[in-house]
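In: Provide a 3D model corresponding to the input given below.
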Amino acid sequence: MLPTLADVLDLDAVRRGQPHVVAGADRLGNLVRWVHVAEVTDIAHLLHGGELVLTTGIALPDEPERLRAYIGELADVGVSGLMIELGRRYAEELPPALLAAAEDHGLPVVMLAHEPAFVDITESVHARIVQDQFAELRASERLHEIFTRLSVEGASTDDVVRQVAALGGRPVVLENLSHQVLAADADGRDPSELLSAWETRSRAVRPGLRTGYDEASGWLVTTVGARGEDWGRLIITLGAPPSPRETVLIERAATTLALGRLLDRHAESLERQAHGTIIARILEHSYSDPKEAAARARALGVPLSGRRLLGVVVRTRGAAQPAEVSELAEAAAAACKEARLAALVGVLDEGGPDARVGVLASLPARADAETALTAVATRIRRHADGVMATGSVVESIRDVRRSFLEAEQVADVACRSSDDRLFYRLPDLRLRGLLHLLRDDARIQTFVERELGPLLEYDAERGGDLTRILRLYLDAGRNKAVAAQLAHLSRPAFYERLRRIERVLSADLDDVESCVSLHVALLALNSLRQERP
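Out: Numbers count the residues shown, from 1 in each chain. This next block holds a predicted model:
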């Protein structure tokens, strides 16, 4: 970190000149980027800001107006301070006009009562600057080594957050786009105090840059994401402006978290890896031509061309370890072989919290999907306790993604179902379930923030209940009389709240499309807020 003007005044080479701060004493925290010796008055246009200007004052003008102009130019360019030696131009004190101008512009002026060697001052300050920069470089290199090791070792999100807290000596929180805590380390402090009313506090912190410091909260915040898809924020609760090392720390940690989310993979058989890669690339539309996908699948013994295709998802009812998911994939592959069903079987979202087994079934033109699914599900039950869900039958590789999306949605709902069917289909799902399934999708979170963010912030800042009023109004089918009764408010009071909601959201509550959008956002908000630690 660069030395401050106060640090410079503490150096032996400066103290030998008997320095006295005669103006701008409240600005001694200014950072000194460099030292420049200049006797001419028209020097400002050659400076870049952050310089400490040394002068004997021998060329300074007598006229107060020109002295004020000299000080104004230095202040405008952003110099950190002005140091003037007595003896050559001024005997015992500096001109009042110069000091008054320096106070007006907030420019620190230091008077040297004894003649120092300017070269000693410049060497001392520059040595300190280089030393600090070298220390910062070594610290940055050390952070790079630590987080590279974490990435290589496949450290978990909790491990990365824990390491940031240990290195920074401050509490650290990782949150998603809806300001809900994904991981936190209080660094020995009270976790309940750190996370108290977190969503409300976090909503108030909105740095303008990707990495920024919020003075009101004392938080250093950086956005976490990769490939143009941001999914969270990493926060260090500092309480004071960050040092360059702390900025490097949080940005390097955010990169590690983003890479971990992209690259974390768990061991499985080579066959499952090959199958899973083809399924994943089909779902991501990574193949420029569906024929390429068909050729790769055919090379693995699974024909896709001219067949009826079916997306199937198999997963455990609760959270599963990577090894359990791999075992479930092997069980599903064995079940398909026993039932003589040609299929690609692989693990989807490997290493993520929602890891599950994907099965791309390839059915002959006249085969009955119901019979094939029953046979596979029955055999899976013999090997593992899993939930099997299926999408719609499609006729081309281009439509496989739609079938898998349906199967994933049904599987997530089925995991919370109390009945015990062999497999589940799409009719089990409705809008609330769909929003619940997509609650961790950054696009849903962004939609909720766009639709309801101003209203949530308004309630958080004022302790209001406008969000509840809006929910009652929309749940009542926009029947104001019924909604007012449910809110236990008089009609005039209820109508006034609706008008206030319209002002806060800049929305028309008489417009059907606006109300539908807000209602969906409220349903999504309910899904985001439930079942969270």
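In: What does the residue in the chain sticking out farthest from the centre show for phi and psi?
Out: In the chain, the greatest distance from the average C-alpha position (CA atoms, centre = their mean) is reached by Ala91, at 58.9 Å. Ala91 has phi and psi values of phi -80, psi -60 when expressed as degrees, to the nearest 10.
In: With Gly57 instead?
Out: The phi/psi pair for Gly57 (degrees, to the nearest 10) is phi 80, psi 10.
In: Skipping its backbone neighbours, what lies nearest it in space?
Out: Counting by CB to CB, 6 or more residues apart in numbering, Gly57 lies nearest to Arg89, which is 3.8 Å off, once chain neighbours are set aside. C-beta coordinates here come from the backbone N, C-alpha and C atoms, glycine included.
In: Can you classify that neighbour by secondary structure?
Out: Applying DSSP: H, G, I helix; E, B strand; the rest coil to Arg89 yields a three-state assignment of coil.
In: all helices for the stretch 151-300 of the chain, in order.
Out: 157-168, 191-195, 198-203, 244-263, 270-283, 290-299 (DSSP state H, counting those that start in this stretch).
In: Show me the contact partners of the third one.
Out: Contacts of helix 198-203 from elsewhere in the structure, counted by CB atoms under 8 Å, 6 or more residues apart in numbering, are 173, 175, 178-181, 217, 233, 235, 453, 456-457, 460.
In: Isn't Leu525 up against Val448?
Out: Yes - taking contacts as CB atoms under 8 Å, Leu525 lies within contact range of Val448: 5.3 Å.
In: care to break this structure down by domain?
Out: 5-126, 154-263, 270-428, 442-529 (automatic domain parsing).
In: who wins for proximity to Leu137 among the ones you listed?
Out: domain 154-263 (10.0 Å; CB to CB).
In: Wait, a helix at Leu373?
Out: Yes - with three-state DSSP as the criterion, Leu373 is part of a helix.
In: Below-threshold pLDDT in the stretch 51-200 of the chain: ranges please.
Out: 135 (pLDDT under 70).
In: now the strands: where do they sit in it?
Out: Applying DSSP state E, counting those that start in this stretch to the stretch 51-200 of the chain gives strands spanning 51-55, 81-85, 109-112, 172-176, 181-185.
In: I'd like those as TSV, with mean neighbour count and distance to Val347 appended.
Out: Compiled in TSV, the strands of the stretch 51-200 of the chain are given as follows (neighbours: other CB atoms under 10 Å; distance: least, CB to CB, whole Å):
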stretch	mean neighbour count	distance to Val347
strand 51-55	23	59
strand 81-85	24	62
strand 109-112	23	67
strand 172-176	23	24
strand 181-185	21	22
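In: Can you add distance to Leu9 and give the ones you listed back as TSV?
Out: Formatted as TSV, these follow (distance: least, CB to CB, whole Å):
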stretch	distance to Leu9
strand 51-55	10
strand 81-85	9
strand 109-112	7
strand 172-176	36
strand 181-185	39
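In: Please identify which of the ones you listed is closest to Arg398.
Out: It's strand 172-176; of these, that one is closest to Arg398 (CB to CB) at 31.7 Å.
In: before we move on, the earlier item: hmm, the residue nearest to Gly57 is touching Asp62, no?
Out: No - with contact defined as CB under 8 Å, Arg89 does not count as touching Asp62 (10.1 Å).
In: the more surrounded of the two?
Out: Ranked by neighbour count (other CB atoms under 10 Å), Arg89 and Asp62 place Arg89 first, with 16 against 8.
In: ok, the more buried one - contacts?
Out: Contacts of Arg89 (CB under 8 Å, 6+ apart): 56-60.
In: Apply 10 Å and report the result again.
Out: 39, 55-60, 95 (CB atoms under 10 Å, 6 or more residues apart in numbering).
In: Can you give me the distance of it to Gly212?
Out: With distances taken as CB to CB, to the nearest Å, Arg89 is found 45 Å from Gly212.
In: One more: Glu39?
Out: When Glu39 is compared with Gly212 (using CB to CB), they lie 41 Å apart.
In: hang on, the earlier thing: touching both of Leu525 and Val448, which residues are there?
Out: 178, 435, 439, 456.
In: Now rank the residues you listed by neighbours and give me the top one.
Out: That'd be Ser178 among those, by other CB under 10 Å, with 24 neighbours.
In: Skip the chain neighbours and tell me the closest residue to it.
Out: Nearest one to Ser178, counting by CB to CB, 6+ apart, is Gln445 at 4.5 Å.
In: so who does that neighbour touch?
Out: 176-180, 231-232, 438-439, 524-525, 528.
In: before we move on, back to that, output the contacts of helix 198-203 as TSV; include the columns distance to Val325.
Out: Shown next, in TSV, are those (distance: CB to CB, whole Å):
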residue	distance to Val325
Val173	28
Glu175	26
Ser178	27
His179	30
Gln180	25
Val181	25
Ser217	39
Arg233	29
Ile235	31
Gly453	36
Leu456	36
Glu457	39
Ala460	39
